[in-house]
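> Please find the sequence and the predicted model below.
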There are 2 protein chains.
Amino acid sequence: MVPARRPRTATAEKRQRLLDATEQVMIRDGYAAVTTRRVEAEAGLKLHYHYGSLDELLIAVVRRRGQQTVARLGQALASPEPLRAWWRLMAEPAGNRLLVELTAAANHRPAVQAEVASLARQVRRMQTEALPSLLDEYGLDGDEFPPALVASAVQGLAFAMAYDQASGFDTAQEEAVAGIERLLDRLERGRRR
Amino acid sequence: MVPARRPRTATAEKRQRLLDATEQVMIRDGYAAVTTRRVEAEAGLKLHYHYGSLDELLIAVVRRRGQQTVARLGQALASPEPLRAWWRLMAEPAGNRLLVELTAAANHRPAVQAEVASLARQVRRMQTEALPSLLDEYGLDGDEFPPALVASAVQGLAFAMAYDQASGFDTAQEEAVAGIERLLDRLERGRRR
DNA sequence: AATAAGTTAGAACGGTCGCTCCAACTTCGT
DNA sequence: ACGAAGTTGGAGCGACCGTTCTAACTTATT
């Protein structure tokens, strides 16, 4: 359990190392490989001293990742090329791989499920709030492309492409990536603020 | 193991029941819940007599599902409203849920991974082959929307929406669904062959 | 140097896993 | 009715699981 009194200065960093190790194992071998002994071996630390249970550890992973994502999404949406920055963020292979595993793990870990759902809602809200004015800047009709749909589309497309790539599906990725880049170029070029 | 000589007539049906049970458990409790004892309990059958290993069983699940999907995709792409039919097929909740679990399971089961990848390639090929003439019918520019990109987009969007729905993310799904339906209406209406 | 607190190693617990094995049961052709 | 083949129940194997526990080790403060 987390010590009740005076944790050493290195303790915070140790907890981070445990989260790093968990992500590593999860990305490399899948969520089912995230076991006490394997995470401990990867981190060289005692799991149950720093986190009370595996659920607690996984929730901490979701939370940390979520904070990073929220911060970076905010920066992306406020950047000079919001759409491109947004796309780049969502298309990151490691993040998507982790997302697959976390959502799969959440299926039979209700506590994790709640945390993932809460994060998903927050991210989606940020997007749908930013989108109306953003779509306008890009000259897109908000009726034709409802914010919720655009958000789902960006998320889903990034997810699909990252996953195909990570899994070596070899499904003509170059063509799709090139298409996206061309689309982004065109949209960013035609943007007016 | 699979009997070497004369399986009874009911044997084929029993193997199907095992696949049904596996899908059930997978959809209900996630792929990690697919264990010998649980599948046997669900099916009321002896697993290792009909399938030599869990890997073999999972591969059979992928194969059967794959054959169904390929057949239905072929029908969809040849139907009166190809785009809408395609979308409906890809957006099926149960299928997507199963796909999530299978891809997650594939992460640490190389044999399953190979089977899923092979199916993904086949499905994607069907789509990218049908798309050029299809896009033309719908009046869409093939340069602006490369077939590989459209295929990824349909797959990814369906995946994202089905997953949000299944996980109870509650991320303004109605708006996105309504947007899709309107888009499909418009595209199907403007189709000329 | 001594003391106290943070942290770890390693054993141990009950439980579940994939898979194997064999005796028993069911089904079927004769 | 009988025998052979298909199929199952249930025990059992070694392995790994999450978690708890205690004795030892490390580190910081006095």
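It's in. Numbers count the residues shown, from 1 in each chain, chains lettered A, B, ... in the order given.
> From now on I want contacts and neighbour counts done on CA atoms only, so please keep to that.
Noted.
> so where is chain A shaky, pLDDT-wise?
Chain A contains residues with pLDDT under 70 at A:1-7, A:9, A:166, A:171.
> According to the record, where do the domains of it fall?
Domain assignment for chain A, taken from automatic domain parsing, gives A:1-52, A:61-189.
> and of those, who's closest to DNA strand D?
Across the domains of chain A, DNA strand D has its closest neighbour in domain A:1-52 (3.2 Å, CA to the nearest atom of the strand).
> wait, does the closest one contact chain B?
Yes: contact of domain A:1-52 with chain B (CA under 8 Å from any CA of the partner chain) involves A:29-30, A:32.
> just the domains of chain A: most buried one?
Across the domains of chain A, the average number of neighbours (mean count of other CA atoms under 10 Å in any protein chain shown) peaks for domain A:61-189, which reaches a mean of 18.
> so which of the residues of domain A:1-52 next to chain B also contact DNA strand C?
Subset of the residues of domain A:1-52 next to chain B in contact with DNA strand C: empty, counting by CA under 7 Å from any atom of the strand.
> Take those residues and keep only those in helices.
Counting by DSSP state H, the part of these found in helices is A:Asp29.
> Make TSV out of the residues of domain A:1-52 next to chain B and add distance to B:Tyr138.
Formatted as TSV, the residues of domain A:1-52 next to chain B follow (distance: CA to CA, whole Å):
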residue	distance to B:Tyr138
A:Asp29	43
A:Gly30	41
A:Ala32	44
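> Helix, strand or coil: sort out A:Asp141 for me.
Under DSSP: H, G, I helix; E, B strand; the rest coil, the three-state class of A:Asp141 is coil.
> ok, now which ones touch it?
Contacts for A:Asp141 (CA atoms under 8 Å, 6 or more residues apart in numbering or on different chains) come out as A:Leu135.
> Identify the residues contacting stretch A:106-123?
Under the contact criterion CA under 8 Å, 6+ apart, stretch A:106-123 has outside partners A:55, A:58-59, A:62-63, A:66, A:70, A:73, A:102-103, A:105, B:29-30, B:167-171.
> A:Phe145 reaches B:Gly179, doesn't it?
Yes: contact criterion CA atoms under 8 Å: A:Phe145 and B:Gly179 qualify, at 6.7 Å.
> Skipping adjacent residues, who's closest to A:Gly156 in space?
Among residues not flanking A:Gly156 along the chain, B:Gly156 sits closest, at 4.1 Å (CA to CA, 6 or more residues apart in numbering or on different chains).
> can I assume the one you found is in contact with A:Ala162?
No: between B:Gly156 and A:Ala162 there is no contact under CA under 8 Å: 10.2 Å.
> how about the lengthiest helix in chain A, does it reach DNA strand D?
Assignment by DSSP H gives helix A:110-137 as the longest helix of chain A. No: judged by CA under 7 Å from any atom of the strand, helix A:110-137 stays clear of DNA strand D, getting no closer than 11.8 Å.
> Render the CA-only coordinates of the helix or strand just after that helix in CSV, please.
The helix or strand immediately downstream of helix A:110-137 is helix A:147-166, counting by DSSP states H and E. Only the C-alpha atoms of helix A:147-166 are listed here, as CSV (Å, rounded to 0.1, in the frame of the first residue of the first chain):
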residue,chain,number,x,y,z
PRO,A,147,-18.9,17.9,-35.1
ALA,A,148,-19.7,14.5,-33.4
LEU,A,149,-19.3,12.8,-36.8
VAL,A,150,-16.1,14.5,-37.6
ALA,A,151,-14.7,13.7,-34.2
SER,A,152,-15.6,10.0,-34.6
ALA,A,153,-14.2,10.0,-38.1
VAL,A,154,-10.8,11.4,-37.1
GLN,A,155,-10.6,9.1,-34.2
GLY,A,156,-11.7,6.1,-36.1
LEU,A,157,-9.6,6.6,-39.1
ALA,A,158,-6.5,7.3,-37.1
PHE,A,159,-7.3,4.2,-35.1
ALA,A,160,-7.8,2.0,-38.1
MET,A,161,-4.7,3.1,-39.9
ALA,A,162,-2.5,2.9,-36.8
TYR,A,163,-3.8,-0.5,-36.0
ASP,A,164,-3.4,-1.9,-39.6
GLN,A,165,0.2,-0.6,-39.5
ALA,A,166,1.0,-2.0,-36.1
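> ok and helix A:147-166 relative to helix B:147-166, angle-wise?
Relative orientation of helix A:147-166 versus helix B:147-166 (axes from the mean of the first three to the mean of the last three CA atoms, to 10 degrees): 110 degrees.
> which residues are in contact with helix A:147-166?
By CA under 8 Å, 6+ apart, the list of residues contacting helix A:147-166 from outside reads A:87, A:90-93, A:96-97, A:124, A:127-128, A:131-132, A:170-171, A:173, B:152-161, B:171-173, B:175-177, B:179-180.
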